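K.L.:
3D model of this:
(4 chains)
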Number of protein chains: 2
Amino acid sequence: MALKPVARRLVPDEVFDQILSDVVDGELAPGESLPSERRLAEVLGVSRPAVREALQRMAQARLVEVRHGGATTVREFRRSAGLDLLPRLLVRNGELDLSVARSILEARLAIAPEVAALAAERGSAAVHEALQEAIAALEADEDPVARQRVALTFWDHMVDGADSVVFRLMFNSLRAAYEPTIDALAVLMEAEVSQLEGYREVRAAVVAHDPEAARAATERLLRPATTTLITAIHDLEEA
Amino acid sequence: MALKPVARRLVPDEVFDQILSDVVDGELAPGESLPSERRLAEVLGVSRPAVREALQRMAQARLVEVRHGGATTVREFRRSAGLDLLPRLLVRNGELDLSVARSILEARLAIAPEVAALAAERGSAAVHEALQEAIAALEADEDPVARQRVALTFWDHMVDGADSVVFRLMFNSLRAAYEPTIDALAVLMEAEVSQLEGYREVRAAVVAHDPEAARAATERLLRPATTTLITAIHDLEEA
DNA sequence: TTCCACATACTGGTCTGACCACTTGACCAC
DNA sequence: GTGGTCAAGTGGTCAGACCAGTATGTGGAA
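P.N.:
Model (predicted):
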């Protein structure tokens, strides 16, 4: 028996999700006004504080604009929303959005080498050791999902080494988008996490404090799976 | 007369800011428990819904973890928070955090060339034209702050051209961090936005659909100011 | 003595209904 | 036109109640 914790949907979360979906799916167009809080509460059958909480969270995510005394209007989320919206865009109605997945792969391929270069410049011995441990765990683990998680910690340590708040927060956001889909994607990414030699080369370059080599090794490690998947996505989108 | 909209602090915003500051400044250590909602409401002299709203927003930003029936605990925000936290980290207590600023400059220099390369691959005629207009506006404008804003729209169009959700959301987040500080930083960045020829070269490479040239031109455009400022920040941090 | 059930006293989750503060727009006086 | 006034609708805030979980300590059973 594979039991999972029962998902307890809290009322404000539920409301938030509904409104968010409507905005992201375009059912509520930018510029459009939402019904008043009282009306929403009535229609959804919940209390006004619950609606209010959801709307404030929408506002924090820059998806709507709330004006005291006036109506709450929908913003153009592609223009205003931050990277924290990514998880919601990647999986929509329970399915992966392929164009978003493609974009994540591209961004990963572009950014990881830069992170590696910084890690090579600045990485401490502690980071070098952590990377070593991650590689060892990668050798030891059999389960594809577990290997994905280990690979994530490998990059986590790389980001530590890069010592950059921005890349750290970006990584957190990207990870938050990737992790919920890890079960589905572990198989597709398996080829990459099997390239133990690739991870070793990246680490070696970092340990050697050689930014250029780190950049190059990272690219060699990530490009194959990236290209394969992007091509696959392209083909899927054709069909 | 330079009039500004009067700033009205809403109660939940105020509460949110206070708790956020305590977490970011480390006065509330990771793992620590917050006082109960009722207690916070009492101490802060506000209603419980106001506290609750603030806490839910903290939870959405992954800064605290709220457990029904249990205590609300502080999370390790460097590990969990997303890029949307950046504005709060860049300006703290009304002052710029230099290490964060440095990190932003680094990330910009690393990412912009990749965006340019993608824009060169995919940019449409509409994007090319928008870039042209931005450059024209850059020529025409005199005010340093206005020129900064125009430069932002230049990159905005580049991101459009790159046609990548991830880079779009990253840009939005970075922009949200930069814009509030634009008055203070316009002077420092003035040298860069004066390099009209640099912008023209970037655009030319994009129009020519030459990713490598776009990457290189972007790097040439951004590196000088980046290096200068990072050096300056380094010197300041020494002192 | 050990361990488990259970009462209890917390915690957060939700609702109701009221009132305040603000914006909008219609109407009116100048 | 311009500016004042007012009513209606919106979001902002509050108080207090009750539900729903979690932690803890205390008792009795083994």
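
K.L.:
spell out the secondary structure type for the closest residue in space to A:Val165 that isn't next to it in sequence.
P.N.:
Leaving aside its sequence neighbours, A:Val165 sits nearest to B:Ser103 (Cβ to Cβ, 6 or more residues apart in numbering or on different chains; 4.5 Å). C-beta coordinates here come from the backbone N, C-alpha and C atoms, glycine included. Of the three states, B:Ser103 takes helix under DSSP: H, G, I helix; E, B strand; the rest coil.

K.L.:
can you verify my assumption that B:Ser103 contacts A:Ser164?
P.N.:
Yes. Using Cβ atoms under 8 Å, B:Ser103 is in contact with A:Ser164, at 4.5 Å.

K.L.:
name the SS class of A:Ala232, please.
P.N.:
Put simply, A:Ala232 is helix when judged by three-state DSSP.

K.L.:
how many residues are close by A:Leu28?
P.N.:
Around A:Leu28 there are 19 other residues, counting by other Cβ atoms under 10 Å in any protein chain shown.

K.L.:
list the contacts for it?
P.N.:
A:19, A:22, A:34, A:74 (Cβ atoms under 8 Å, 6 or more residues apart in numbering or on different chains).

K.L.:
what's the answer for A:Pro224, then?
P.N.:
A:Pro224 sits next to A:191-192, A:195 when contact means Cβ under 8 Å, 6+ apart.

K.L.:
restricted to helices, list these.
P.N.:
Among those, DSSP state H puts A:191-192 in helices.

K.L.:
show me which of the contacts of A:Pro224 are buried.
P.N.:
Listed as buried from those are A:192, A:195; burial here means 16 or more other Cβ atoms under 10 Å in any protein chain shown.

K.L.:
switch the contacts of A:Pro224 over to a markdown table; also include pLDDT and distance to B:Arg48.
P.N.:
A markdown table is the format used below for those (pLDDT from 0 to 100; distance: Cβ to Cβ, whole Å):
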| residue | pLDDT | distance to B:Arg48 |
| --- | --- | --- |
| A:Ala191 | 92 | 52 |
| A:Glu192 | 94 | 49 |
| A:Gln195 | 94 | 53 |
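
K.L.:
could I get the contacts of A:Pro224 as JSON lines with distance to chain B?
P.N.:
Below are the contacts of A:Pro224 laid out as JSON lines (distance: Cβ to the nearest Cβ, whole Å):
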{"residue": "A:Ala191", "distance to chain B": "22"}
{"residue": "A:Glu192", "distance to chain B": "18"}
{"residue": "A:Gln195", "distance to chain B": "23"}
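
K.L.:
which strand or helix spans A:Glu27?
P.N.:
Under DSSP states H and E, no helix or strand contains A:Glu27.

K.L.:
that one - nearest residue in space that isn't next to it in sequence?
P.N.:
The nearest residue in space to A:Glu27 (Cβ to Cβ, 6+ apart) is A:Ser21, at 7.8 Å.

K.L.:
what count of nearby residues applies to the one you found?
P.N.:
By other Cβ under 10 Å, 14 other residues sit near A:Ser21.

K.L.:
shaky segments in chain A?
P.N.:
Applying pLDDT under 70 to chain A picks out residues A:1-7.

K.L.:
most remote residue from the middle of chain A, which is it?
P.N.:
Residue farthest from the centre of chain A, counting by Cα atoms, centre = their mean, is A:Gly69 at 36.3 Å.

K.L.:
tell me the SS of that one?
P.N.:
The local conformation at A:Gly69, judged by three-state DSSP, is coil.

K.L.:
and it, how far is that from B:Val206?
P.N.:
Computed as Cβ to Cβ, to the nearest Å, the A:Gly69 to B:Val206 distance reads 45 Å.

K.L.:
ditto for A:Leu118
P.N.:
For A:Leu118 relative to B:Val206 (Cβ to Cβ), the value is 27 Å.

K.L.:
of those two, who's got more company?
P.N.:
Shown here are A:Leu118 and B:Val206; by other Cβ under 10 Å, B:Val206 has more neighbours (29 against 25).

K.L.:
contacts for the strand or helix carrying the more buried one, please.
P.N.:
Secondary structure from DSSP H and E places B:Val206 in helix B:196-207. By Cβ under 8 Å, 6+ apart, the residues outside helix B:196-207 that reach it are B:116, B:119-120, B:123, B:127-128, B:131-132, B:134-135, B:138-139, B:154, B:158, B:161, B:192, B:211, B:213-214, B:216-218, B:220-221.

K.L.:
what sits against A:Ala213?
P.N.:
By Cβ under 8 Å, 6+ apart, A:Ala213 lies in contact with A:120, A:204-205.

K.L.:
let's see it at 10 Å
P.N.:
Going by Cβ atoms under 10 Å, 6 or more residues apart in numbering or on different chains, A:Ala213 touches A:116-117, A:120, A:201-202, A:204-206.

K.L.:
which SSE is it in?
P.N.:
helix A:211-238.

K.L.:
okay, buried residues for that helix please.
P.N.:
A:211, A:213-219, A:221-222, A:225-226, A:229-230, A:233.

K.L.:
over to stretch A:87-106?
P.N.:
A:87-91, A:97-98, A:100-106.

K.L.:
closest to DNA strand D out of those?
P.N.:
For the buried residues of stretch A:87-106, the residue nearest DNA strand D by Cβ to the nearest atom of the strand is A:Arg88; the value is 22.3 Å.

K.L.:
so where does the closest one fall, helix or strand?
P.N.:
helix A:86-90.

K.L.:
show residues contacting that helix.
P.N.:
If you take Cβ under 10 Å, 6+ apart as the criterion, helix A:86-90 is touched by A:17, A:20-21, A:23-24, A:61, A:63, A:77-78, A:81, A:96-101, A:103-104, A:107, A:173-181, B:82-83, B:165-166, B:169-170.

K.L.:
tell me who's in contact with the residue of chain A found nearest DNA strand C.
P.N.:
Closest contact between chain A and DNA strand C, by Cβ to the nearest atom of the strand, is at A:Gly69 (2.4 Å). Under the criterion of Cβ under 10 Å, 6+ apart, A:Gly69 has no contact partners.

K.L.:
all helices for chain A, in order.
P.N.:
A:11-24, A:37-44, A:48-60, A:77-80, A:86-90, A:98-122, A:125-140, A:144-162, A:165-178, A:182-193, A:196-207, A:211-238.

K.L.:
and of these, who's closest to DNA strand D?
P.N.:
Among these, helix A:37-44 comes nearest to DNA strand D, with 3.8 Å by Cβ to the nearest atom of the strand.

K.L.:
got the buried residues for the closest one?
P.N.:
Residues of helix A:37-44 classed as buried: A:37, A:40-41, A:44 (neighbour count, 16+ other Cβ under 10 Å).
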